[in-house]
Each structure stands twice: as structure tokens, then as C-alpha cells.
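S.K.: build the 3D model from these lines:
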Amino acid sequence: MNIFNNAIRTIKGIVLALASITLCIIVFRYCKGFYDEYMDEYKGTESFQGVDVVVEIPKGASVKEVAEILKENGLIKYKSAFTKRVQDSEYRGKIQSGTYTLNTGMNTLEMIAVMCPVYDETTPIAKLTVPEGFTVEMIAARCEELNICSKQDFLNAVNSVTTADFPYLADVPDGANVTYKVEGYLFPATYDIYTTTTAESLVQWMLDTFQNYYTEDLQQRAAELGYSSFEVVTRASIIEREAKVETERPTIAGVINNRLAADMPLQMCPTVLYPLTDGMYNQSQVYYTDLELESPYNTYLYSGLPVGPICNPGIACINAVLYPEEHGYYFYHVSDEDEGTHVFTETYEEHVDTQIIGGPNGVPEESN
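M.R.: Predicted coordinates for the structure are as follows:
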């Protein structure tokens, strides 16, 4: 009996030992599998064809937040392995915000490399489009929106420009109470942005571009008319904000000439909106009370041209100033809001007959 009991205990012991060994093997294999997967994400270099996944990395995201995004999208399993790989790599601190297409078959180093784009100094990283009619303030706001530079940095760069840098700025009259000396001269165009682009270099580039477009032929034509570059861009800036149809630009230039020659106030809305909106033109309607705005730009309150440009005009409006249409028009108003076309008239009576009492662009001349 004792022999039988001993045999039973021995068998149980063997079974328990085998079970323990089996459990240990299972645990070992599980741990090894975990370790292998973890190490593959931490140091693996192999890749295969998987499924493309588009991820959005927000601006200012930390490495841990990036790892969370990748895990949520099924691209990694172990966030700590990913973050450790980033921290131990040449890409530490270089992950950029943006939209990226990754693949489930990529190793983590490949994913990191995609999210850390490397640009050399000759490769544009963005484009800045400055439309005709944009002001200094509007350009500054767009630069900040596109993360090119802060709005204040751009304005500081604008204010740091001197006549020594660009001689044509000497045409700005001494003591002119302009908001920005370079307003009117920041040429509308599309500019490539590089890693080396600064607010200062961008402003200088825009001013250089104006100089390239304002050719000797145009300068000679301005001299024939008795205009300085400052007067040219001031007149052109009004046309740029007034004319929506290309063919009407020379016509509006002619209206400006006629009213000035007759000592009539220009009474043009954009000259009110420019100071009223601090150069943002984010108000479309001019009200009676706005016409009394105390500003040297306000051509309802002051005769002649505004004190300076009210935006940065393109070459078409500059040409309209230099080659205006000769006619007998003194008034105009919008005839089609969608198309932006105008009705031009020679007398105030005709102007009244074609619409409600208004100024040259449809704003009432009198508040009563």
C-alpha cells in the first residue's frame, strides 16, 4: 500500500512538474513574443507591404501624443517603444505637424523619418500668395496663419525698412502721416517660402519684386504725367479696391483724374474703410457716420488724394493710372453686385437718375 501511495505521489509530482514546466514555457514564449514585438518597434529595420493610413499630427504635439495617434490608427502597438526610438534617434525633437501617409508595414524608424521632413535651403517648404489689393496688415495676418512668421514680426520688418534700402521710398513725402511707409510697394505675387525665410527677407523680396515690375518705361511714363512712384501707387491702390472688372480700371482712373481736376472730393469708400478697419477691409458697408471718420485717408472729409496708398496694387492698376481712359465721367455706382460692374455718368443728375443719391461709387454724398 505504501509503495502504491508513493507511486501516486511520484506521478503527481511528475505531472505537477510537467505542468509547471509547460506553464513556464508558455509564459516564456508569451514574454518573448512581447519582447520581440517591443524590440522590433524599438529597433527593427525590416518592413513589408501593408495598408496606407493617413494621420494628422497637430501643431505642438508631444512625442507621447504622436505615439497615441499612431496606436489609435493601428500603426504601432507599444507607445513607449516608439517614444524611446524617437528620443534615441537623430530625429529627436524634429517631428513636424502636418498630414502624413504612413503604412502598417513600415518600421517605426521609417514612420519617424516621414514625419521629420528634411528640407535644404533650395527647396521651398510653402508658398505665400499675396493677392492684388492686400494691405500690410492683411499680408501680416496671412503670414501668421501659414506659420511663416508672426504678424508682429512681419510688421516689425515692415517698419524697419529705410530709404537707404529702397531709394524709391524717398518718394514718400516727408512728414506724410501714412500708416506704413511701404504700403503700396509690397508687390502682389506668389512667393516661395524656404527654411531660411524670415519676415525681413520676405519684406525685402516683395519690395525687390515691385522694383522689378516698375520698369524704366513705366517710370518714364510717370515722369511725363508728373507723378512720383508714391502718387502712382496711391492712385493705383484706390483703383485696385474699387475696380472688380479689368476693363473698368482705366475708366475709374479717368474718373479720379476728372474729379481732381475739377477740385471735387474723390469720395471713394475704400479710403474710409482702410483706416476704419485698420487695413483689414473686414467691413463691406460704409455708413453715413463713417464718412466723418477723422483720418487723412478719408476722401469724404479731405479733398485730393488720400495721404498714401490704401493697399498694395498689382501691375494692371498701375498701368491704368499711367494710361487712363479719357472721358467725361465724374460719377459711378455698382450696377451688378455679383459681377462688380459699374454704371458711369457725367452729371450728378444722371447719377441720381440711375440709382439713389450717391457718391462716385454709390455711397451717399450727403447724410440728410
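
S.K.: switch to C-alpha atoms for all contacts and neighbour counts from now on
M.R.: Noted.

S.K.: residues contacting the spatially most central residue of the chain?
M.R.: When C-alpha atoms, centre = their mean is applied to the chain, the residue found nearest the centroid is residue 142 (3.2 Å). Applying C-alpha atoms under 8 Å, 6 or more residues apart in numbering, we find residue 142 in contact with residue 151.

S.K.: that one sits in which helix or strand?
M.R.: For residue 142, the element it lies in under DSSP states H and E is helix 136-145.

S.K.: now the element after that helix, going C-ward?
M.R.: helix 151-159.

S.K.: what's next to that next one, contact-wise?
M.R.: Outside of helix 151-159, the residues within contact range by C-alpha under 8 Å, 6+ apart are 136-137, 140-144, 180-182, 199-200, 203.

S.K.: out of those residues, who's nearest residue 173?
M.R.: residue 181 (9.8 Å; C-alpha to C-alpha).

S.K.: follow-up on the earlier one: now do the buried residues in the helix holding residue 142.
M.R.: 136, 137, 138, 139, 140, 141, 142, 143 (16 or more other C-alpha atoms under 10 Å).

S.K.: out of the residues you listed, the closest to residue 282 would be?
M.R.: Checking the buried residues of helix 136-145 one by one against residue 282 (C-alpha to C-alpha), the nearest turns out to be residue 138, at 10.0 Å.

S.K.: quick one: that closest one and residue 88, what's the gap?
M.R.: Using C-alpha to C-alpha, to the nearest Å, residue 138 is found at 43 Å from residue 88.

S.K.: before we move on, what about residue 94?
M.R.: Counting by C-alpha to C-alpha - residue 94 and residue 88 are separated by 12 Å.

S.K.: what about those two, which has more around it?
M.R.: residue 94 (15 against 11; other C-alpha atoms under 10 Å).

S.K.: sec struct for the residue lying closest to residue 300 once chain neighbours are set aside, please.
M.R.: Excluding the flanking residues, the one nearest residue 300 by C-alpha to C-alpha, 6 or more residues apart in numbering is residue 267, at 4.5 Å. Assigned with DSSP: H, G, I helix; E, B strand; the rest coil, residue 267 falls in the coil class.

S.K.: got the contact list for residue 66?
M.R.: Contact partners of residue 66, counting by C-alpha under 8 Å, 6+ apart, are residue 57.

S.K.: still on that earlier bit, give me the pLDDT for the residue nearest to residue 300.
M.R.: Note for residue 267: predicted pLDDT of 96.

S.K.: how far away is the nearest residue to residue 116 once chain neighbours are set aside from residue 70?
M.R.: The shortest distance from residue 116 to any non-neighbouring residue, by C-alpha to C-alpha, 6+ apart, is to residue 95 (4.7 Å). To residue 70, residue 95 is 13 Å away according to C-alpha to C-alpha.

S.K.: for the residue nearest to residue 116, helix, strand, or coil?
M.R.: Applying three-state DSSP: residue 95 is coil.

S.K.: re earlier: which one of the contacts of helix 151-159 sits closest to residue 298?
M.R.: Scanning the contacts of helix 151-159 for proximity to residue 298, where the rule is C-alpha to C-alpha, the winner is residue 180, at 16.0 Å.

S.K.: can you give me the strands in the stretch 201-350 of the chain?
M.R.: 331-336, 341-345 (DSSP state E, counting those that start in this stretch).

S.K.: let me have the ones you listed in JSON lines, extended by mean pLDDT.
M.R.: Output for the strands of the stretch 201-350 of the chain, formatted as JSON lines (pLDDT from 0 to 100):
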{"stretch": "strand 331-336", "mean pLDDT": "88"}
{"stretch": "strand 341-345", "mean pLDDT": "91"}
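
S.K.: okay if I get the ones you listed as TSV plus distance to residue 64?
M.R.: What follows is these, written out as TSV (distance: least, C-alpha to C-alpha, whole Å):
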stretch	distance to residue 64
strand 331-336	56
strand 341-345	56
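
S.K.: what's the helix or strand for residue 69?
M.R.: helix 63-72.

S.K.: hey, where'd the helices end up in the protein?
M.R.: Along the chain, counting by DSSP state H, helices occupy 2-43, 63-72, 79-87, 108-114, 136-145, 151-159, 199-213, 216-225, 229-242, 249-261, 270-276, 315-322, 348-354.

S.K.: excluding its backbone neighbours, what's nearest residue 106?
M.R.: Nearest residue to residue 106, sequence neighbours excluded (C-alpha to C-alpha, 6+ apart): residue 47, at 5.0 Å.

S.K.: just checking, that neighbour touches residue 109?
M.R.: No: counting by C-alpha atoms under 8 Å, residue 47 does not reach residue 109; the two are 10.1 Å apart.

S.K.: more neighbours, these two?
M.R.: residue 109 (20 against 13).

S.K.: quick check, that one in contact with residue 87.
M.R.: No: Residue 109 lies out of contact with residue 87 (C-alpha under 8 Å); the separation is 11.3 Å.

S.K.: give me the residue ranges of the stretch 151-300 of the chain where confidence is low.
M.R.: Within the stretch 151-300 of the chain, no stretch has pLDDT under 70.

S.K.: and the helices of the chain, which is most packed in?
M.R.: When the helices of the chain are scored by mean count of other C-alpha atoms under 10 Å, the highest mean neighbour count falls to helix 229-242 (a mean of 25).

S.K.: next, the angle from that one to helix 315-322.
M.R.: For helix 229-242 against helix 315-322, the angle by axes from the mean of the first three to the mean of the last three C-alpha atoms, to 10 degrees is 120 degrees.
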